[in-house]
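J.: please work out how this folds:
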Amino acid sequence: MNNYPEQLAPIGNGTFEKEPFQVWWGRVSEHFPTVPKNVARQWIWRHWQESGFCWLPTMGSRFELARWQPEEIEVIKIWGEGGNKYEDWGDHLLSLATQPKNLRYAVAEIMFRRKRWPAPPIVLDNRNSNDFAPWKDLPVGFVLVEGNRRMAMAKALARRNQLARDLLVWVLKYDNAELIDR
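T.: A predicted model of the protein is given here:
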């Protein structure tokens, strides 16, 4: 968020010796006062400078942990991803859950077994179609911010009527559209 200021970057980012989350969060959490710890771990720390949503500001942001049903998951918009390609990807990832142990994808194995994700994804509430310049092509509705693989697999499970109910989702909202950096 906030275009990932370099002074807040995890030390050693991009190397095998990346600063542990707890150390990093202890050092920078005051700069992200509205960001829950789980969101910081899953999105900001883990995907530092790799998120297509790093331009979203912290100022005015609010995160709500909500329980959603499979039919709500199915309507989450994926910005910049092709629909059929994305659907095929979810099926492919789930197929990795049944591979020999050394070839398995751990998150797919969890989702295949539990029919739910191990950590809530993050979605942006853009139902009021905020004008997030210069990204004016952002879809109206709930837009996936973090959790592409989990969401692809969830959508595949939902198509099969196998996705669990009461799934936790972090919903990112902005209280005042004028706070959005234009």
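J.: what is the burial count for Ala9?
T.: Neighbourhood size, Ala9 [other Cβ atoms under 10 Å]: 17. Placement of C-beta: from N, CA and C, glycine included.
J.: distance of the closest residue to it other than its chain neighbours from Trp24?
T.: Leaving aside its sequence neighbours, Ala9 sits nearest to Trp48 (Cβ to Cβ, 6 or more residues apart in numbering; 5.9 Å). Computed as Cβ to Cβ, to the nearest Å, the Trp48 to Trp24 distance reads 9 Å.
J.: shared neighbours of the two, anything?
T.: The contact sets of Trp48 and Trp24 overlap at Pro10 (Cβ atoms under 8 Å, 6 or more residues apart in numbering).
J.: okay, those two: which has more neighbours?
T.: Trp24 (22 against 17).
J.: and the strand or helix carrying that one, how far from the chain's centre?
T.: Assigned by DSSP states H and E, Trp24 belongs to helix 21-28. Mean-position distance between helix 21-28 and its chain equals 20 Å (Cα atoms, centre = their mean, to the nearest Å).
J.: domains in the chain, as residue ranges please.
T.: 6-58, 63-179 (automatic domain parsing).
J.: re earlier: and the helix holding Trp24, what's buried?
T.: Phe21, Trp24, Trp25, Val28 (16 or more other Cβ atoms under 10 Å).
J.: same thing with stretch 96-105?
T.: Neighbour-count burial for stretch 96-105 flags Leu96, Ala97, Tyr105 (criterion: 16+ other Cβ under 10 Å).
J.: mind putting the domains of the chain in TSV, mean pLDDT included?
T.: Putting these into TSV (pLDDT from 0 to 100) gives the following:
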stretch	mean pLDDT
domain 6-58	90
domain 63-179	87
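J.: on that earlier part again, could you let me know which of the buried residues of helix 21-28 ends up closest to Leu144?
T.: Phe21 (21.9 Å; Cβ to Cβ).
J.: show me the contacts for the closest one.
T.: Ala40, Arg41, Trp45, Arg46.
J.: mind running it again at 10 Å?
T.: Residues counted as contacts of Phe21 (Cβ atoms under 10 Å, 6 or more residues apart in numbering) are Pro10, Lys37, Ala40, Arg41, Gln42, Ile44, Trp45, Arg46.
J.: what of Ser95?
T.: Per Cβ under 10 Å, 6+ apart, neighbours of Ser95: Tyr105, Ala108, Phe112, Ala156.
J.: helices - which of those land there?
T.: Ala108, Phe112, Ala156 (DSSP state H).
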